[in-house]
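> Have a look; sequence and predicted model below, questions after that.
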Amino acid sequence: MAVATAQDNNDRAPAPQPADRASAGSLADRNFANVMRDGGRQQHGERAHRKLVARNVRLAHKLAHARDHKLPHGRTDRVRRYTRPRLRAENRELAQKLHRLSGSATATGGGSAASPQLESIAACESGGDPHSIGGGGAFRGKYQFTYGTWASVGGSGDPAAASEAEQDKRAQMLMAKSGSSPWPVCGQ
């Protein structure tokens, strides 16, 4: 029996040497790095999806407001299930509809009453979004007014809560009073 046991021990694979342990450790390190990388990719994908959904909802609200409609209940939840390519396509379509609608409103005398220079400033400051809030809440509305600047041209309350037409009017007043200096970057 003792001879058979010695024979069995010789047939077994040799015990791992320190070099084999090191390669096993680096394999674990690589697996960990791959998991971390894949987790980062997943987080990036989720973040990109959330941004596309937010843009879709924002565009849909603008379009509904321009048409004096309301969005259907539960639309946001439905849009969250869309794939990123579908969201991109729908966002392009919504933006085109909004652009066409705003173009026809301007042609008929409605829409924004802002001059081309003010429209350019608004596009630079807020992307033309009258509800935009930037600078940690200090800059508000389509033209990124501060509360003080807003009050100096007769505005009251929150500039971002005012109608787009009122923001255009107050920006025109500010432009007549101070030129483009209140917008040192976008006014150039």
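Cool, the structure landed.

> Dihedrals phi and psi, Phe145?
phi -70, psi 150 (degrees, to the nearest 10).

> Correct me if wrong: it contacts Phe139.
Yes: between Phe145 and Phe139 there is a contact under CB atoms under 8 Å: 7.0 Å. All C-beta spots, glycine's among them, are computed from the backbone N, C-alpha and C.

> Between those two, which is the more surrounded one?
Between Phe145 and Phe139, counting by other CB atoms under 10 Å, Phe145 is the more crowded of the two (26 against 19).

> can you pull the contacts of the more buried one?
Contacts for Phe145 (CB atoms under 8 Å, 6 or more residues apart in numbering) come out as 139, 155, 159, 167, 170-171.

> cutoff 7 Å now
The contact partners of Phe145, taken as CB atoms under 7 Å, 6 or more residues apart in numbering, are Pro159.

> Bridged to it, which residues?
Phe145 has the following beta-bridge partners by DSSP bridges: Arg140.

> how near is the nearest residue to Leu101 once chain neighbours are set aside to Arg100?
In space, and not counting its chain neighbours, Leu101 is closest to Ala66: 5.2 Å by CB to CB, 6 or more residues apart in numbering. To Arg100, Ala66 is 10 Å away according to CB to CB, to the nearest Å.

> Which of these two has more residues huddled nearby?
A direct count of neighbours by other CB under 10 Å for Ala66 and Arg100 places Ala66 higher, at 15 against 10.
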